[in-house]
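>>> no sequence on this one, just coordinates:
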Ligand code: MN
Ligand code: MN
């Protein structure tokens, strides 16, 4: 076979996935998009703050709060905040909802440390908050880093008091201490998973006592007084509070070439922002109604009133359908959903947990996952070939860089997303998202190119004619 003929045959028959930088790329647009994403991250370090920022951005682009029974016509843009912790947005399309909706579903909760209901205590004249971790964390990563605290304390009369400790410039921060190496010999022999017990994840709050030296509990009282002065709360009010400790600091560029972004909470705000921004950026009324779901509670199984398993989504869709006289079941069976969630990026340091022919790589674009789960795809919706073909076609037609991937080696571990909860509703669903390094760590890393291509992919799906 001639050299030229061999090359042509190879080109025609074998996969030729390219690094995104070797494909057409508008780098200025990518940078502008990533600046917006970093601002979104900095404004929304908890699901409540992220939901509030989402509403702010949506209203600025003409979205109105949805009120049950309101008349809706093509081109209308509405949103519904589910208890301030999850957001549903819709841009009503030209076609009837009987033709189905184009849905993108991401989550805006991230792993973190929640305060316990009785959090405040004093030990050895130091004051602490006890925490209960939320989501899958590697506990050793959460010690000796500056932390900030966000959330609400809801008083008995229903007044919601927003709390922000450490989120402003020059604010004091909180920290969880760890053993010094000099005394850490025994701890150092323990496996990573057990070396830092969950009950040692206590946030250091203060050391300055109040009152005379004959008194006890002086540091705890001093801290409670500061909280009372600032927020008007007492110790019993922690019972009805949601206070979340998250890593302090802003998102930043990573690498000498600034090609990556480091931040807390890429999982899954990187896909949430892509799904949201693509919706807000639609220049024309979409053919099918475009729906963006930003859910809560994914990291603990999508249960709960603000999670993807909640009827809140069905109710919203039912309300939209009712306005058009369409049964929601008819809409669902013709709808498509992109379950937009991050995937594990290949890390050459830990090559043995990946299967390199099916891993997701930085700068190769949005990662499609036909299935997630573990132990032989258990816990996955396992999208059908037709659904994958559909997404392939839409992405290719729009020139979106994408890769088809698995999370790691078979039986190396696994994970889940909201995909199965959408698929269980009789909605054709495929997982897709941004590859992440150090997923679930206090500081995760993504590639800018993949963020931008994910946004472009979402936009192409919202804009798809069928
Ligand atoms: Mn996720
Ligand atoms: Mn996660």
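Received, thanks. Since the structure is predicted, the reported quantities are computational estimates derived from the model, not experimental observations. Ligands and ions are numbered 1, 2, ... in the order given.
>>> quick check: residue 408 is in a helix.
No: assessed with DSSP: H, G, I helix; E, B strand; the rest coil, residue 408 is coil; it does not lie in a helix.
>>> can you pull the contacts of the closest residue in space to it that isn't next to it in sequence?
With sequence-adjacent residues excluded and distances taken as CB to CB, 6 or more residues apart in numbering, residue 408 is closest to residue 353, at 4.9 Å. Placement of C-beta: from N, CA and C, glycine included. Residue 353 sits next to 408-409, 412-413 when contact means CB atoms under 8 Å, 6 or more residues apart in numbering.
>>> those: which two are farthest apart?
Taking CB to CB as the measure, the contacts of residue 353 span a maximum distance of 8.3 Å, between 409 and 413.
>>> compare those two (neighbour count), which wins?
Comparing residue 409 with residue 413 by other CB atoms under 10 Å, the one with more neighbours is residue 409, at 15 against 12.
>>> quick check: phi and psi on the spatially closest residue to that one that is not a sequence neighbour?
Nearest non-adjacent residue to residue 409, counting by CB to CB, 6+ apart: residue 355, 4.8 Å away. Torsion angles at residue 355 (phi, psi; degrees, to the nearest 10) stand at phi -110, psi 100.
>>> make TSV out of the contacts of residue 353 and add pLDDT and distance to ligand 1.
As requested, the contacts of residue 353 are arranged in TSV below (pLDDT from 0 to 100; distance: CB to the ion, whole Å):
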residue	pLDDT	distance to ligand 1
408	89	15
409	91	20
412	89	18
413	88	14
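>>> which residues of the stretch 301-450 of the chain lie near ligand 1?
Within the stretch 301-450 of the chain, the positions near ligand 1 by CB under 5 Å from the ion are residue 341.
>>> identify the residue of the stretch 301-450 of the chain closest to ligand 1, quick one.
Taking CB to the ion as the measure, the point where the stretch 301-450 of the chain comes nearest ligand 1 is residue 341, at 4.2 Å.
>>> likewise the stretch 101-250 of the chain?
For the stretch 101-250 of the chain, CB to the ion, closest residue to ligand 1: residue 107, 5.7 Å.
>>> tally of neighbours for that residue?
29.
>>> and for the one 5 residues further on?
By other CB under 10 Å, the residues close to residue 112 number 24.
>>> ok, now which ones touch the nearest residue to residue 178 once chain neighbours are set aside?
In space, and not counting its chain neighbours, residue 178 is closest to residue 143: 4.0 Å by CB to CB, 6+ apart. With contacts defined as CB under 8 Å, 6+ apart, residue 143 is in contact with 176-178, 196, 201.
>>> is it true that residue 52 touches residue 44?
Yes: Residue 52 is within contact range of residue 44, at 7.4 Å (criterion: CB atoms under 8 Å).
>>> which residues does the residue of the stretch 101-250 of the chain closest to ligand 1 bridge with?
residue 295 (DSSP bridges).
>>> make 48 the starting number, not 1.
I'll keep to 48 as the first residue from here, and by that count the last item is residue 154.
>>> can I assume it is in contact with residue 319?
Yes: in this structure, residue 154 is within contact of residue 319 by CB under 8 Å, at 6.8 Å.
>>> which residues do the two both contact?
Going by CB under 8 Å, 6+ apart, residues that sit against residue 154 and also against residue 319 are residue 341.
>>> what's the lengthiest strand in the chain packed up against?
Ranked by number of residues, the top strand in the chain under DSSP state E is strand 159-170. Contacts defined by 3 or more CB pairs under 8 Å, 6 or more residues apart in numbering; DSSP states H and E place strand 159-170 against strand 173-181, strand 194-201, helix 265-278, strand 288-294.
>>> which one of residue 99 and residue 91 is surrounded by more residues?
Using other CB under 10 Å as the criterion, residue 99 and residue 91 rank with residue 91 on top: 23 against 18.
>>> skipping adjacent residues, who's closest to the more buried one in space?
That would be residue 97: by CB to CB, 6+ apart, it lies 3.1 Å from residue 91.
>>> just the element for that neighbour, please.
Assigned by DSSP states H and E, residue 97 belongs to helix 94-107.
>>> ranges for the helices of this structure?
For the chain, the helices defined by DSSP state H occupy 50-60, 74-90, 94-107, 232-235, 239-242, 265-278, 313-327, 358-369, 375-380, 432-444, 466-470, 495-510.
>>> coming back round to it: where's the residue nearest to residue 91 relative to residue 313, distance?
Separation of residue 97 from residue 313 (CB to CB, to the nearest Å): 12 Å.
>>> now the nearest residue to residue 219 once chain neighbours are set aside: how far from residue 197?
Of all residues not flanking residue 219 in the chain, residue 213 sits nearest, at 6.4 Å (CB to CB, 6+ apart). Relative to residue 197, residue 213 is positioned 9 Å away (CB to CB).
>>> higher neighbour count, the two?
residue 197 (22 against 17).
>>> was I right to think that one contacts residue 92?
Yes: under the criterion of CB under 8 Å, residue 197 makes contact with residue 92 at 6.0 Å.
>>> residue contacts, residue 138?
122-124, 326, 329, 332-333, 336-337, 509.
>>> what about the spatially closest residue to it that is not a sequence neighbour, how many neighbours?
Among residues not flanking residue 138 along the chain, residue 337 sits closest, at 4.5 Å (CB to CB, 6+ apart). As a burial measure, residue 337 scores 27 neighbours (other CB under 10 Å).
>>> hmm, back to that, and the nearest residue to the residue of the stretch 348-497 of the chain closest to ligand 1 once chain neighbours are set aside, how many neighbours?
Counting by CB to CB, 6+ apart, residue 464 is the residue found nearest to residue 388 once chain neighbours are left out, at 4.1 Å. For residue 464, the count of nearby residues is 30 (other CB under 10 Å).
>>> repeat for residue 158
23.
>>> kindly report the same for residue 284.
Residue 284, neighbours per other CB under 10 Å, totals 17.
>>> before we move on, back to that, what residues are bridge-paired with the residue nearest to residue 138?
residue 138, residue 149.
>>> give me the distance between it and residue 505.
From residue 337 over to residue 505 (counting by CB to CB), the distance is 9 Å.
>>> list residues touching both of these two?
residue 326.
>>> please identify the deepest-packed of the helices of the chain.
Among the helices of the chain, helix 313-327 has the highest mean neighbour count (mean count of other CB atoms under 10 Å), at a mean of 28.
>>> just the angle between it and helix 495-510, please?
Calculated by axes from the mean of the first three to the mean of the last three CA atoms, to 10 degrees, helix 313-327 forms an angle of 40 degrees with helix 495-510.
>>> mean confidence for helix 313-327?
On average, the pLDDT along helix 313-327 is 98.
>>> now swap in stretch 53-69 and tell me
95.
>>> what comes into contact with that stretch?
Contacts of stretch 53-69 (CB under 8 Å, 6+ apart): 48, 410-412, 448, 450, 496-497, 500.
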